[in-house]
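Undergrad: what would the 3D arrangement of this be:
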Amino acid sequence: MATGAQFGGPPPTPPAGDAGNNFLSGLLDVPVDAEGAKRVNDGAQQFKALAQNGGFAINEEGLQRYRTVCDTFIDGYSDIKADLLALGQAAKMGNSAYAKEVATFNVKVAVSDPESLVPNLELLIDGFKQVKEALTIARKNYSETEDAHSQTFAKLRGGE
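TA: Numbers count the residues shown, from 1 in each chain. Okay, here's the model as predicted:
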């Protein structure tokens with residue numbers, strides 16, 4: 001995006017407590033600026049690490065709902081990716097120096113620098129993919145915890 005462009009303010013500081021829920025609750029507040037895209041991607045990496053370390057579990061219904069959100073974003077990007085990449089070609093806007101300058105600027109804003117739209121969308125896509133991986137791990141965590149509790153209760157009932 002153009003230098004100095006702002007899309008929303010900084011993310012609110014999450015309250016102390018459930019880190020997984022804090023991340024997921026902000027999942028739909030998707031920024032398109034470089035800082036915001038990096039923030040989502042970094043948060044997704046932390047979210048995945050949280051799940052890998054057993055710090056987050058989710059039931060099947062929750063998994064399906066959040067997976068749907070992730071898939072909607074990922075699939076939507078896939079559907080428009082060719083159109084976005086076409087923005088990387090300078091439009092024929094005329095022969096004047098100004099027309100050429102505007103066409104070059106449009107390419108830069110779309111694809112050719114770290115602040116541009118396409119690289120930031122790709123960073124967001126990577127973040128959403130990591131969230132999906134984290135959710136799969138968290139679902140496994142939930143199943144393992146559920147199985148352990150079932151076995152404990154079965155032992156307790158058997159000992160009565």
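
Undergrad: for the lengthiest helix in the chain, packing partners?
TA: If you go by DSSP state H, the chain has its longest helix at helix 117-158. Here helix 117-158 touches helix 34-52, helix 60-86, going by 3 or more C-beta pairs under 8 Å, 6 or more residues apart in numbering; DSSP states H and E. Just so you know, the C-beta spots here come from the backbone N, C-alpha and C atoms, and that holds for glycine as well.

Undergrad: show me what counts as buried in the last one.
TA: Of all the residues in helix 60-86, those buried under the rule 16 or more other C-beta atoms under 10 Å are 62-63, 66-67, 69-70, 73-74, 77.

Undergrad: what's the answer for the first one, then?
TA: Of the residues in helix 34-52, 34, 36-41, 43-44, 47-48, 50-51 count as buried by neighbour count, 16+ other C-beta under 10 Å.

Undergrad: out of these, which one sits closest to Thr152?
TA: Ala51 (23.0 Å; C-beta to C-beta).

Undergrad: list the contacts of that closest one.
TA: Shown in contact with Ala51 (C-beta atoms under 8 Å, 6 or more residues apart in numbering): 20, 134-135, 137-138, 141.
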